[in-house]
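>>> Need the 3D shape of this:
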Amino acid sequence: MLKISFTSSSPDLTDLQNDENLRPAVALINNWNTGADSFTFFSSGSTGSPKPIVLSKAFLVASANRTIQLFNINSSDRLLLALNTSFMGGMMMIVRALVAQCELIYISPADLNVSSLNALPSIKLASLVPSQVHGLLEKATTDPFSKIENLLLGGAPISQSLERSLINLKSSCCFFHTYGMTETASHVAIRALNNQSTPYHALEGFEFSIDERECLVIRYIDIPEFTLYTNDVVELLSPKSFQWLGRIDWVVNSGGIKYNLEIVEECIVNFLRNNHLDNHFTSYKTQDETWGEKWVLILTGSLQQEHINLLKAHCKNTLGKYIYPKEILFTKKIVYLPSGKVDRLTSYHQAIKPLI
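Modelled structure (predicted):
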């Protein structure tokens, strides 16, 4: 555990250089304090190679202030950082502490566990990716988030099963799932995880619409030329709220029937849990001569043919008789990006490699 005080304009950064997750933050803080007016970040690379994105200091400060005001953060509060600062989610925790001039407590992602959370002082705001939260809940016998007042989950979709687990935890911590990206300097919308039907609500200064693909369009009201077209399919409820339905990149058109892998995967989660199977998985879509496109399920380990048959039958019964994995591959492990998102492409390529 490392404490970094931003109550002065020149925090001691000596210990930060020793952790590779913090080195990008050191560069930002030094440039911030020497008057830089823009900073370069990189996208997560979940649908392609990471792209450089330049954001102004004023844009970062405005984003930080929206979160600071939303959670009423002041200089006497503490924030928790347990993310790699190479990515926007981790870097914005640094920026929020800089702007609020408060104390930031850092736990290396490799050292994040129930014991390290229990040893924390009171935390006003923390941010984790869903895979970290899932791992903590798997090993916890009591509430691991009791020292945290507000916890943001971002960077990846959250499964219905994880959402149910947090709702059923009855924690004193308030959980929120965020929607945002590198281009928006973190979240532009947020939803409370107190009910699975709760939509995302816009933060101050943003409005939403949809394009002809039914994908979300983000408009920053204060900057008229800031309009961002996303690949996220949504149900638009109002200019200020929406339900997220999945990435258009992972919409499968199989025999004229369209469905989103990020949605149907919940069926696999339920099957594995109900059958007490500990396989991890991801999905990919490929071209298919018969169906046009097909759902490829990638599982770690192995499954007996009986379970494979039961899995397909469960999908057909739950999702519809034409929606099930047309191909099932097995691999040693699921690959994750440094941002914490599943690397579907690399996982697929590893699964189709011939065994040596």
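
>>> Low-confidence ranges, the stretch 151-300 of the chain, go.
224 (pLDDT under 70).

>>> so where do the helices sit in the protein?
Using DSSP state H, the helices of the chain run over residues 23-33, 57-70, 88-100, 114-118, 130-139, 160-169, 261-274, 305-319, 344-352.

>>> what's the shortest one packed up against?
So the one you mean is helix 114-118. Here helix 114-118 touches helix 130-139, going by 3 or more C-beta pairs under 8 Å, 6 or more residues apart in numbering; DSSP states H and E. Yep, even glycine has a C-beta here, placed from its N, CA and C like the rest.

>>> Residues in contact with the helix it packs on: which ones?
82, 109, 112-114, 117, 144-145, 151, 153, 155-159, 162, 165-166, 169, 336, 340 (C-beta atoms under 8 Å, 6 or more residues apart in numbering).

>>> Would you mind checking those residues for buried ones?
With burial judged by 16 or more other C-beta atoms under 10 Å, the buried subset of those is 82, 109, 112, 114, 117, 144-145, 151, 153, 155-159, 162, 166, 169, 336, 340.

>>> Please give me every residue in contact with Leu329.
296-299, 348, 351-352.

>>> could you dump the residues you listed to TSV with distance to Arg191 and neighbour count?
Output for these, formatted as TSV (distance: C-beta to C-beta, whole Å; neighbours: other C-beta atoms under 10 Å):
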residue	distance to Arg191	neighbour count
Val296	30	22
Leu297	28	24
Ile298	29	25
Leu299	30	23
Tyr348	30	19
Ala351	33	22
Ile352	37	13
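
>>> quick one, domains of this structure?
Domain segmentation of the chain under automatic domain parsing yields 2-198, 202-247, 255-352.

>>> ok, Glu20 - how many residues close by?
11 (other C-beta atoms under 10 Å).

>>> Ignore what I typed, I meant Thr300.
Quick note: Thr300 (other C-beta under 10 Å) scores 16 neighbours.

>>> Can I get the longest strand along the chain in CSV? Just the C-alpha atoms.
In the chain, ranked by residue count with DSSP state E as the criterion, the top strand is strand 227-238. Coordinates of each C-alpha in strand 227-238 appear next as CSV, following Å, rounded to 0.1, in the frame of the first residue of the first chain:
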residue,chain,number,x,y,z
THR,A,227,-19.8,14.6,-31.3
LEU,A,228,-18.6,11.0,-30.9
TYR,A,229,-20.1,8.1,-32.9
THR,A,230,-19.7,4.8,-31.0
ASN,A,231,-20.1,1.1,-31.9
ASP,A,232,-22.3,0.5,-28.9
VAL,A,233,-25.8,-0.6,-29.7
VAL,A,234,-28.2,0.9,-27.2
GLU,A,235,-31.9,1.4,-26.5
LEU,A,236,-32.3,5.2,-26.2
LEU,A,237,-34.7,6.0,-23.4
SER,A,238,-34.2,9.8,-23.5
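
>>> Give the pairing partners of it; include direction for each.
When pairing is defined by DSSP bridges, strand 227-238 lines up against strand 215-220 (antiparallel), strand 241-247 (antiparallel).

>>> got the contact list for that strand?
47, 179, 181, 183-184, 199, 208-211, 213-220, 242-249, 251, 260.

>>> which among the residues you listed end up buried?
The neighbour-count test (16+ other C-beta under 10 Å) applied to the contacts of strand 227-238 identifies 179, 181, 183-184, 199, 208, 210, 215-220, 242, 244-247, 249, 251, 260 as buried.

>>> Buried ones in stretch 181-193, by neighbour count?
For stretch 181-193, by 16+ other C-beta under 10 Å, it's 181-191, 193.

>>> Can you pick out the most distant pair from those?
Glu183 and Leu193 (24.5 Å; C-beta to C-beta).

>>> so of the helices of the chain, which one's packed in deepest?
helix 88-100 (a mean of 25; mean count of other C-beta atoms under 10 Å).

>>> Work out the gap between that helix and the centre of the chain.
Relative to the centre of its chain, helix 88-100 is centred 16 Å away, using C-alpha atoms, centre = their mean, to the nearest Å.
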